[in-house]
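J.: Pasting the sequence and the predicted coordinates here, then a few questions.
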Amino acid sequence: MTSDDVSAIEVTDGVRSLHLEWDDPGIAVLGMIQLTRDELVERIRTGELPLPPLAKLLNIEVVDAAPGRMTLRLTPDERHVNFLGVVGGGVVGAVLDVAMWGAVQLSVQDKSMLTTVSMTSNLVRGVSHTQRALEAVAEAVHVGRTTATAESRLVDAAGKVYATATATFVRMGGGNG
Ligand SMILES: CC(C)(COP(=O)(O)OP(=O)(O)OC[C@H]1O[C@@H](n2cnc3c(N)ncnc32)[C@H](O)[C@@H]1OP(=O)(O)O)[C@@H](O)C(=O)NCCC(=O)NCCSC(=O)Cc1ccccc1
């Protein structure tokens, strides 16, 4: 599903439905394992490597990817709404988490895997499901032998900030190159 497909949500007698397709999650995992860092960057950036199902579920797309940075697009829709009638903080946190992970993961040349161990977010403005797409812009701050850190912001097209987050990752495996 892409951001254009939100209109594909059908409403029949008040019941919402959506036909959603996603790829075998193993394809993205295999890409992580088998591709070189530069191949991985390129295939994520161009969309050649299918994103994991989580991205399809939350309506997240890649805008840009490079060693040390990743920008994702979150297109809010009705499925993201919580009891308060706004997009849930977990959805905002998820897109920032993935963008920060991408920024640090694409920094490493070897086969080590980065995994999030802590994350702090500040949700400074409510997100409505009717508003246009937001961008999660993340940068690696530190990539060390055993840990990595990143920071990120969720902004609209005018640069208005909706949320900020920082995260710490543990680096597992690889030769620490
Ligand atoms: C409103 C505030 C909390 C504080 O804002 P401040 O620091 O004082 O900053 P500022 O004054 O600059 O205002 C900024 C904007 O806010 C607007 N505004 C201000 N006051 C009010 C007001 N009283 N009422 C309405 N709107 C108000 C204000 O007009 C401005 O907009 P504008 O520039 O005019 O367009 C803001 O940080 C916020 O909305 N954060 C996001 C929270 C969020 O969405 N969390 C996630 C969902 S919850 C969750 O998931 C948990 C859960 C789980 C399961 C089930 C249920 C729940």
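T.: Structure's in. What do you need?
J.: In terms of secondary structure, what does the helix or strand where Ala65 lies contact?
T.: Following DSSP states H and E, one finds Ala65 within strand 60-66. On a contact count with 3 or more C-beta pairs under 8 Å, 6 or more residues apart in numbering; DSSP states H and E, strand 60-66 meets helix 37-46, strand 69-74, helix 89-105. Glycine gets a C-beta too; all of them are placed from N, C-alpha and C.
J.: how about those in CSV, adding mean neighbour count, distance to the ligand and mean pLDDT?
T.: Converted to CSV, the helices and strands packed on strand 60-66 look like this (neighbours: other C-beta atoms under 10 Å; distance: least, C-beta to the nearest ligand atom, whole Å; pLDDT from 0 to 100):
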stretch, mean neighbour count, distance to the ligand, mean pLDDT
helix 37-46, 16, 28, 97
strand 69-74, 24, 13, 98
helix 89-105, 24, 3, 98
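J.: export those to CSV and tack on distance to Ala138?
T.: As requested, the helices and strands packed on strand 60-66 are arranged in CSV below (distance: least, C-beta to C-beta, whole Å):
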stretch, distance to Ala138
helix 37-46, 13
strand 69-74, 5
helix 89-105, 4
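J.: For burial, what's the neighbour tally of Ala167?
T.: Residues near Ala167, counting by other C-beta atoms under 10 Å, number 26.
J.: who touches it in this structure?
T.: The contact partners of Ala167, by C-beta atoms under 8 Å, 6 or more residues apart in numbering, come to 96-97, 100-101, 116, 118-120, 149-150, 152.
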